[in-house]
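Engineer: Pasting the sequence and the predicted model now:
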Amino acid sequence: HRDGHLCEDRSEMYLEFLKLTCAPFDLAPDLRLLYITSQHARAIANVRFALLRHDSFVVITGEIGTGKTTVLNAVLQELGPQYVTARLVHTTLTDIELLQSLLSEFGIPNYSSKKVQLLDEIRAFFLEQHLAGRHVVIIVDEAQHLNSAALEELRLLSCIDTHDRRIVSIVLTGQPSLDEVVDDKSLAQLRQRTRLRQRLRPLRQADTTEYIRHRLRVAGGVADEMFAPESFAEI
């Protein structure tokens, strides 16, 4: 408890000392601080269009920290409450555990080990959302760790459609090795249902400089007063 207060006090001292209104480089994604490079603007537009089109699969890859979560959060905020999302962050799951986790994310905990029962409940939920005018989006973080059985289960979930349209989209995000996973010959059917594969690259120097300036400006600071000119290139 005391350590928590100590961290809070130090954070306040840090902001007060630097005359900032918020932490400009906090690790948690914060749309207030979002700096849109040209590649991130393209990614947001592409992912938004794919979800509006109700594509079955979207694959977003990039190294840690290149903005995959930020892009997704920006898209989902634009799309609004007509899109119901579940996010899976534990990807070392069996196919049964994956279905159980999905139901739990949708607020319907069911820990049955009977796949047929789990699938029936998921289908019923998807259809209920569709009839209410909502589209389901399943986001899988660090998807490069999914085993083949779990990936096949996701592919089968993406096939749950009504007679007139697709009612679920699945977004796989992960490090560049996810591309190798998706390109495996055993996943040909999943690839056929994937129209968008978006790769995010590390920032170039000019973008890095503008990123620092933008975040400090939003937080009430001036980068060129706080950073020596040569420090931008070092960062």
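Structural biologist: Arrived safely. Numbers count the residues shown, from 1 in each chain.
Engineer: mind listing what's buried in stretch 113-132?
Structural biologist: For stretch 113-132, a neighbour-count test (16 or more other CB atoms under 10 Å) marks 118, 121-122, 125-126, 129-130 as buried. Where C-beta positions appear, they are placed from N, C-alpha and C, glycine not excepted.
Engineer: With stretch 23-40 instead?
Structural biologist: Within stretch 23-40, judged by 16+ other CB under 10 Å, the buried ones are 23-24, 33-37, 39-40.
Engineer: Stretch 147-164 now?
Structural biologist: So stretch 147-164, judged by 16+ other CB under 10 Å, has buried residues 150-155, 157-158, 160.
Engineer: Which helix or strand contains the residue nearest the centre of the chain?
Structural biologist: Residue closest to the average C-alpha location in the chain (CA atoms, centre = their mean): Thr69, at 3.8 Å. Counting by DSSP states H and E, the element that carries Thr69 is helix 68-79.
Engineer: ok so, going back, out of the buried residues of stretch 23-40, which two sit at the greatest distance?
Structural biologist: Ala23 and Gln39 (25.0 Å; CB to CB).
Engineer: can I get the buried residues of stretch 113-132 in a markdown table with pLDDT, distance to Ser169 and secondary structure?
Structural biologist: Rendered in a markdown table, the data for these read as follows (pLDDT from 0 to 100; distance: CB to CB, whole Å; DSSP: H, G, I helix; E, B strand; the rest coil):
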| residue | pLDDT | distance to Ser169 | secondary structure |
| --- | --- | --- | --- |
| Leu118 | 93 | 20 | helix |
| Glu121 | 94 | 19 | helix |
| Ile122 | 94 | 14 | helix |
| Phe125 | 95 | 15 | helix |
| Phe126 | 94 | 11 | helix |
| Gln129 | 95 | 12 | helix |
| His130 | 93 | 12 | helix |
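Engineer: Could you grab the helix/strand/coil label for the closest residue to Val222 other than its chain neighbours?
Structural biologist: Nearest residue to Val222, sequence neighbours excluded (CB to CB, 6 or more residues apart in numbering): Leu216, at 6.7 Å. Classification of Leu216 by DSSP: H, G, I helix; E, B strand; the rest coil places it in helix.
Engineer: From Glu78, how far out is Leu216?
Structural biologist: 25 Å (CB to CB, to the nearest Å).
Engineer: higher neighbour count, the two?
Structural biologist: Leu216 (21 against 13; other CB atoms under 10 Å).
Engineer: Identify the residues contacting that one.
Structural biologist: The contact partners of Leu216, by CB atoms under 8 Å, 6 or more residues apart in numbering, come to 20, 24, 222-223, 226.
Engineer: and it, what pLDDT?
Structural biologist: Listed pLDDT for Leu216 reads 94.
Engineer: what comes up buried for stretch 45-62?
Structural biologist: Applying 16+ other CB under 10 Å to stretch 45-62 flags 46-48, 50-51, 55-62 as buried.
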